[in-house]
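>>> okay, sequence plus prediction incoming.
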Amino acid sequence: MSGTVELLNRTLAAARAEDRAALVGYLPAGFPTVADGVATAVAMIEGGCDIVEIGLPHSDPVLDGPVIQTADDIALRGGVRIVDVLRTVGEVHAATGAPVLCMTYWNPVDRYGAERFAADLAEAGGAGCILPDLPVEESGAWRAAAERHGLATVFVVAPSSRDERLATITAAGSGFVYAASLMGVTGTRASVGASAEDLVRRTRATTDLPVCVGLGVSNATQAAEVAAFADGVIVGSAFVKRLLDAPDTASGIEAARHLAGELAAGVRKRG
């Protein structure tokens, strides 16, 4: 089985054809358990997410704020391993038919082996990989493996990225570009920040790839705000927080489903 990058491309194109942004949800694998994580990601898609990113929990998640760090800690204490991440990707994709990506720092992939990870992710039905800390200059071997197995390689750009750097990053990526809405770590915020719109504009000047904005979006109003200028809206910490705040896992899963519905309505308002 090869990866489903074409499914990812079609999903993003379909959202654009509907004159709306795509809704992308994020959840770490193994949180709160492997099985419950699968059930939550499925509920997120059933609730309205077009695409889901499954995080590979890491002991030093430099891009992640306290909410996702807490979820990662729970998953790691539960003994989550790469095989569980791949299982989560596979089961969520099989249950929903939606594109599912893996978001991971580079070190676990490097230790596992880039070729092996790409092959196993594709075999699970994954659509691609988001690698926030892999420099483009050092990504050649991974990108070659990903391309062989039909996987997208999504790179992250930030407001601090100069135009020349944006062009280098977007030329190497595929699937979409992950635009970090502001400098800093993931987490819910009162506002998404004006720098996001400028970053999307500058990024689009360098590529035809869809540009999806993440970091800080937590409610339908913010989703609509970002959807007015971006091709996709990425939400992670808000989903994790619903699970953390819930009195029990079943309630948390339903809260995640409900949030997906609210956000899906938001991205269809486009500001």
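That came through, no problem. These numbers come from a predicted model, not from an experiment. Numbers count the residues shown, from 1 in each chain.

>>> just give me the longest strand of this structure.
In the chain, assigned by DSSP state E, the strand with the most residues is strand 22-28.

>>> what's the offset of that one from the middle of its chain?
Chain-centre distance of strand 22-28: 5 Å, with C-alpha atoms, centre = their mean, to the nearest Å.

>>> now do stretch 76-84
With C-alpha atoms, centre = their mean as the basis, stretch 76-84 stands 19 Å off its chain's centre.

>>> buried residues, that stretch. List them.
76, 80-82, 84 (16 or more other C-beta atoms under 10 Å). C-betas here are computed from N, CA, C, even on glycine.

>>> which one among the residues you listed sits at the bottom for pLDDT?
Lowest pLDDT within the buried residues of stretch 76-84 is found at Leu76 (94).

>>> so it is in which element?
Following DSSP states H and E, the helix or strand that holds Leu76 is helix 66-77.

>>> and that helix, what does it pack against?
On a contact count with 3 or more C-beta pairs under 8 Å, 6 or more residues apart in numbering; DSSP states H and E, helix 66-77 meets strand 22-28, helix 237-245.

>>> comparing these, which comes out most buried?
strand 22-28 (a mean of 28; mean count of other C-beta atoms under 10 Å).

>>> okay, the helix holding Leu76 in CSV with CA atoms only?
Output in CSV follows, covering the C-alpha atoms of helix 66-77 (Å, rounded to 0.1, in the frame of the first residue of the first chain):
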residue,chain,number,x,y,z
PRO,A,66,1.8,23.1,28.1
VAL,A,67,-1.5,21.6,27.0
ILE,A,68,0.0,19.3,24.3
GLN,A,69,3.0,18.7,26.6
THR,A,70,0.6,17.4,29.2
ALA,A,71,-1.0,15.0,26.7
ASP,A,72,2.4,13.9,25.4
ASP,A,73,3.4,13.1,29.0
ILE,A,74,0.3,11.0,29.6
ALA,A,75,0.9,9.1,26.3
LEU,A,76,4.5,8.5,27.1
ARG,A,77,3.8,7.3,30.7
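
>>> so what's the nearest residue to Ala230 once chain neighbours are set aside bridging to?
Excluding the flanking residues, the one nearest Ala230 by C-beta to C-beta, 6 or more residues apart in numbering is Val213, at 4.3 Å. Beta-bridge pairing for Val213 (DSSP bridges): Ala179, Val233.

>>> count the residues that sit near Val213.
31 (other C-beta atoms under 10 Å).

>>> so the residue nearest to Gly79 when sequence neighbours are not counted: helix, strand or coil?
Once flanking residues are discounted, Gly79 sits nearest to Gly30: 7.9 Å by C-beta to C-beta, 6+ apart. Following DSSP: H, G, I helix; E, B strand; the rest coil, we place Gly30 in the coil state.

>>> likewise Arg257?
helix.

>>> tally of neighbours for it?
There are 21 residues near Arg257, going by other C-beta under 10 Å.

>>> go on, the one 3 residues further on?
By the criterion of other C-beta under 10 Å, Ala260 has 25 neighbours.

>>> what separates it from Ala98, distance-wise?
Separation of Ala260 from Ala98 (C-beta to C-beta, to the nearest Å) stands at 12 Å.

>>> shared neighbours, the two?
Both Ala260 and Ala98 are contacted by 45, 49, under the criterion C-beta atoms under 8 Å, 6 or more residues apart in numbering.

>>> between the helices and strands packed on helix 66-77, which gets nearest to Thr206?
The minimum distance between Thr206 and the helices and strands packed on helix 66-77 falls on strand 22-28, with 20.1 Å, by C-beta to C-beta.

>>> now what about the helix or strand following the closest one, what contacts it?
Sequence order places helix 34-47 as the next helix or strand after strand 22-28, per DSSP H and E. Contacting residues not belonging to helix 34-47 are listed as 25, 27-31, 52, 54, 75, 78, 80, 84, 87-88, 91-92, 95-96, 98, 100, 239, 243, 249, 252-254, 256-261, 264 [C-beta under 8 Å, 6+ apart].
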